[in-house]
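K.L.:
here's my sequence, what's the structure:
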Amino acid sequence: MALPPEKIAELKQIIHGQLNQMNIQSHIHDILSESMREDDTSTSRQQEDVTEQQLLQVLRDRGVVDDIMRNLQFERKQQMGGASRAPGLRGDEPKPATHFVDEGSKLAVPLKKAHIDPTRRYLYMQVLGGKAFLEHLQEPEPLPGQTLSTFILHVHFRGQRFRSRPVPCACDPDFQEGFLLELHKESGGDAARMADSASMLTICDPVHLVLIKTDPSGDTTLVSSHHLEWRTVLAIDNSRQNLPVELMGIGAESKVPVGLLEMRLEILPRTSQVLTDDVISTQIGLERNRTAERERLFLVYAKQWWREFLQIRPTHQNRLVKIFAQDENSTNRPVCAFVRPLRAGRLLDTSRQASRFVSVIGYERAPAIGGGQPRELWSSTHAFLCKNKGDCEDHAVLLCSLLLGFGLNAFVCVGTKAKSAAHSWVMTLATDGLVTFWESLTGHRYIHHAINPDDPPIIDQPIPQYPYRTVGCVFNHQNFYANSQPSDNVDVCRFDFHDESLWKAMSMDAIESVCGPKNLPTWPNLPPLVPSIYDAALMSNDLELQIRALVVDHRKDIGLTTVWDDELSYLLTPALAAYELERTTGVSAGNEEFQHAIRRAVPDGHTFKGFPIQFIHHNARRAFATSLRSAVCQEILSCRGDHVRLAVRVRIYTYPESACAVWIMFACKYRSVL
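P.N.:
Model prediction:
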């Protein structure tokens, strides 16, 4: 890759500065003197001049050259509209092929410096701005101190996730971001080599762009989900391409444009071989034709399978057997394609902790325009994690993927709960046949014991604790089973999938043909989880101060003063920790110590009252308004009497992504008057 003279001069200056910092001249002089002393026995050798090649060989043998290359830093700056936006290049420790964005770079990603492995090739994707977001054409000017709705652009590509900084919502939002995406092949031997043009052409994964709108209250809305085909840049001479990306709406509005992003794609370092447009279009066309043919064959198979299922029993027509589901772009996909084993790395330690994490992600039904039933929409995992809320199917799919990652034999169940409302949950099947239901919205677990309807009434039957009524089908990334038992009532169902008289299975080969990891070029792999962006201690303290101010205002409105007991507030902390531990593990601990501490803090003749409540958001006003709906909380905050002391404690437990469990406990102590 040829560099202009000014860049060469800049690189020479950088190298010279680094060598001076390392005091390399003195180091070379010492090594050279030591080497000459070792060869002092040869008089003829002393009289010879030391050549440059001999000196370099000595420096290589002593490891000096390797030290220099390891410590050299290259910085690259490029002006974009007067602002430095391009990433820098730094020859630092090589990142592995599966390198995931590190803590410091996962948020603010137009970086002036970025970790670059000189043996790898990268796709540098710049967002230069947005246009024609007409929904925000009449966005009012904000008042001083007023918070605005913001856009955040999320990016996922081959296990690498990034997010932009928040940008105020506008007709032409001012996106100025850069994302550095590593390009590599995952097959053995290829992962360690720099990808050439031919290798990059075979990387069929799209770049998944998810645009999220966040309103001033913190509520999020999925604006658009777009799969960007990036390989057209391989046909550009200088490996740099400007292109507009039209973003479409969600669900029923998937054919309606919502805005335009001005983007620039660049391959770093530039490729020596430029492909033609015909080669790229032919490759993309072949991939799409293969995918379309596999989907067509699977559809033919699914229709025949469904006809066979209906022949078993005519009433099967009414069972919830869901083979296909629509994603956020209204694209029909086999339900098995939504599930994939997902490892949480070091962010989640147990399957129960994973269940707790999924349960503190917000719940919302798919929105509907006009009357009638809301339209069912299954979000991709990346979109679900970005907006941090979703329907029961989204929760169940994510929990099933995490449980599969923890090595459990997990399935998503599709059926109904009370009042025949459609519902999805997760089931795990142990090697001894034990069936456990996992409710992804609450984190509750239930053991299933099938009831035998043929048993005589004298035999005690287990009383179901779970809220589920019927189950129509279960599936994961490899299997799909439809319930063909005489009754689809969960209480009497037997989950023996090897018994063909109980469950009708789909062919694993047919599922693999359309849902296998190598057969989904237009469907990105599951994104890795990212650590929480929140500081739990800082957020807890800030929210507690806001709640205290609201309590003071509330009591002032009813003519009461407020006196806080800081010691009592602190003593509430173990109770909140015990509540969260019980929600996570199902085990209660520490209650005796908490009671002992409260008894010591409450004098004789005084009464203590406490009210704990949990939220999955950190909006103080919403939390306080919800708390006031409880008669117990109202009684505490409206307490009158002698020596009334109030206490409040907030404890936030953070989980991956933006999920958090917010515990608040209100308490008071006062002298009892008989």
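K.L.:
helices of the stretch 351-500 of the chain, start to end?
P.N.:
351-359, 381-387, 392-405 (DSSP state H, counting those that start in this stretch).
K.L.:
and the ones you listed: which comes nearest L581?
P.N.:
Smallest distance to L581 across these (CB to CB): 9.9 Å, for helix 351-359. For every residue, glycine as well, the C-beta is placed using N, CA and C.
K.L.:
report all helices and strands that that closest one contacts.
P.N.:
Where contact means 3 or more CB pairs under 8 Å, 6 or more residues apart in numbering; DSSP states H and E, helix 351-359 is packed against helix 392-405, helix 573-585.
K.L.:
and H477, which of those is closest to it?
P.N.:
Distance to H477, taken as CB to CB, is lowest for helix 392-405 among the helices and strands packed on helix 351-359, at 7.1 Å.
K.L.:
quick one, that closest one and helix 351-359 angle?
P.N.:
For helix 392-405 against helix 351-359, the angle by axes from the mean of the first three to the mean of the last three CA atoms, to 10 degrees is 160 degrees.
K.L.:
follow-up on the earlier one: out of the helices of the stretch 351-500 of the chain, nearest to D117?
P.N.:
Evaluated over those, closeness to D117 peaks at helix 381-387, with 24.9 Å, by CB to CB.
K.L.:
send the alpha carbons of the closest one over as CSV?
P.N.:
Once non-C-alpha atoms are left out, helix 381-387 reads as follows in CSV (Å, rounded to 0.1, in the frame of the first residue of the first chain):
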residue,chain,number,x,y,z
THR,A,381,-31.4,-11.5,19.9
HIS,A,382,-29.3,-8.5,19.0
ALA,A,383,-32.3,-6.2,18.6
PHE,A,384,-33.8,-7.6,21.8
LEU,A,385,-30.7,-6.9,23.8
CYS,A,386,-30.3,-3.5,22.3
LYS,A,387,-33.8,-2.3,23.3
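K.L.:
give the rounded mean pLDDT of that helix.
P.N.:
For helix 381-387, the mean pLDDT works out to 94.
K.L.:
so what does it touch, helix or strand wise?
P.N.:
With 3+ CB pairs under 8 Å, 6+ apart as the test, helix 381-387 has strand 150-157, strand 207-214, strand 220-228, helix 392-405 packed against it.
K.L.:
can you tell me what sits against the last one?
P.N.:
Outside of helix 392-405, the residues within contact range by CB atoms under 8 Å, 6 or more residues apart in numbering are 325, 338-344, 348, 351, 354-355, 357-359, 361, 363, 376, 378-379, 381, 384-385, 410-413, 423-426, 428, 438, 440-441, 476-477, 526.
K.L.:
and it, average pLDDT?
P.N.:
Helix 392-405 comes out with an average pLDDT of 96.
K.L.:
over to stretch 249-260?
P.N.:
On average, stretch 249-260 scores 91.
K.L.:
now stretch 312-331
P.N.:
92.
K.L.:
then stretch 464-481?
P.N.:
Mean predicted lDDT for stretch 464-481 stands at 94.
K.L.:
cool, stretch 232-242 as well?
P.N.:
Here the average pLDDT along stretch 232-242 is 91.
K.L.:
what about G590, how many neighbours?
P.N.:
14 (other CB atoms under 10 Å).
K.L.:
distance of it from H596?
P.N.:
The gap separating G590 from H596 is 11 Å, by CB to CB, to the nearest Å.
K.L.:
test for you: state the pLDDT assigned to the nearest residue to H477 once chain neighbours are set aside.
P.N.:
Computed as CB to CB, 6 or more residues apart in numbering, the closest residue to H477 that is not its neighbour in sequence is V339, at 4.5 Å. For V339, the pLDDT comes out at 94.
K.L.:
please state the backbone phi and psi of V339?
P.N.:
Dihedral angles phi and psi of V339 (degrees, to the nearest 10) take the values phi -100, psi 140.
K.L.:
any idea how far it is from D278?
P.N.:
From V339 to D278 the distance is 38 Å (CB to CB).
K.L.:
now do P464
P.N.:
From P464 across to D278, the span is 63 Å (CB to CB).
K.L.:
more crowded one of these two?
P.N.:
A direct count of neighbours by other CB under 10 Å for P464 and D278 places P464 higher, at 18 against 9.
K.L.:
coming back round to it: tell me which of the helices of the stretch 351-500 of the chain lies nearest to F162.
P.N.:
helix 381-387 (11.3 Å).
K.L.:
got the contact list for that closest one?
P.N.:
Contacts of helix 381-387 (CB under 8 Å, 6+ apart): 152, 154, 156, 161, 163, 208, 210, 212, 220-222, 225, 328, 338, 342, 361, 379, 390, 394, 397-398, 401, 524, 526-527, 529, 657.
K.L.:
what's the answer for stretch 309-318, then?
P.N.:
321, 482, 484, 486, 504.
K.L.:
surely the last one touches W306?
P.N.:
Looking back up the chat, that one is K504. No. Taking contacts as CB atoms under 8 Å, K504 lies outside contact range of W306: 9.8 Å.
K.L.:
which one's more surrounded, the two?
P.N.:
Neighbour totals were compared for K504 and W306, and K504 leads with 19 against 16 (other CB under 10 Å).
K.L.:
turn the helices and strands packed on helix 381-387 into JSON lines, including distance to A623.
P.N.:
Shown next, in JSON lines, are those (distance: least, CB to CB, whole Å):
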{"stretch": "strand 150-157", "distance to A623": "22"}
{"stretch": "strand 207-214", "distance to A623": "18"}
{"stretch": "strand 220-228", "distance to A623": "17"}
{"stretch": "helix 392-405", "distance to A623": "22"}
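K.L.:
most tightly packed of those?
P.N.:
helix 392-405 (a mean of 26; mean count of other CB atoms under 10 Å).
K.L.:
please export the C-alpha coordinates of it as CSV.
P.N.:
Extracted C-alpha coordinates of helix 392-405, given in CSV (Å, rounded to 0.1, in the frame of the first residue of the first chain):
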residue,chain,number,x,y,z
CYS,A,392,-42.3,-13.5,26.2
GLU,A,393,-41.0,-15.2,23.1
ASP,A,394,-37.9,-13.0,23.1
HIS,A,395,-37.2,-13.8,26.8
ALA,A,396,-37.8,-17.5,26.3
VAL,A,397,-35.5,-17.7,23.3
LEU,A,398,-32.7,-15.8,25.1
LEU,A,399,-33.0,-18.0,28.2
CYS,A,400,-33.1,-21.2,26.2
SER,A,401,-29.9,-20.1,24.3
LEU,A,402,-28.1,-19.3,27.6
LEU,A,403,-29.2,-22.6,29.2
LEU,A,404,-27.9,-24.5,26.1
GLY,A,405,-24.7,-22.6,26.6
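K.L.:
tell me which residues of stretch 666-674 are tucked away?
P.N.:
For stretch 666-674, the neighbour count (16 or more other CB atoms under 10 Å) marks 666-670 as buried.
K.L.:
now what about it, what contacts it?
P.N.:
Contacts to stretch 666-674, defined as CB under 8 Å, 6+ apart, come from residues 551, 565, 568-569, 572, 601-602, 605-611, 613, 627, 633, 636-637, 639, 641-649.
K.L.:
in strands, which of these fall?
P.N.:
Per DSSP state E, strands hold the following members of the contacts of stretch 666-674: 606-611, 613, 642-649.
K.L.:
using pLDDT, spot the least trustworthy of these.
P.N.:
Lowest pLDDT among the ones in strands among the contacts of stretch 666-674: D642, 84.
K.L.:
what sits against R356?
P.N.:
Counted by CB under 8 Å, 6+ apart, R356 has contacts 443, 583-584, 655, 661.
K.L.:
out of those residues, the closest to W230 would be?
P.N.:
Y655 (31.8 Å).
K.L.:
which non-adjacent residue is nearest that closest one?
P.N.:
Nearest non-adjacent residue to Y655, counting by CB to CB, 6+ apart: F357, 4.3 Å away.
K.L.:
same deal with L134?
P.N.:
Nearest non-adjacent residue to L134, counting by CB to CB, 6+ apart: C171, 6.5 Å away.
K.L.:
could you do F151 as well?
P.N.:
The spatial neighbour of F151 that comes closest, neighbours along the chain excluded (CB to CB, 6+ apart), is V167 at 4.9 Å.
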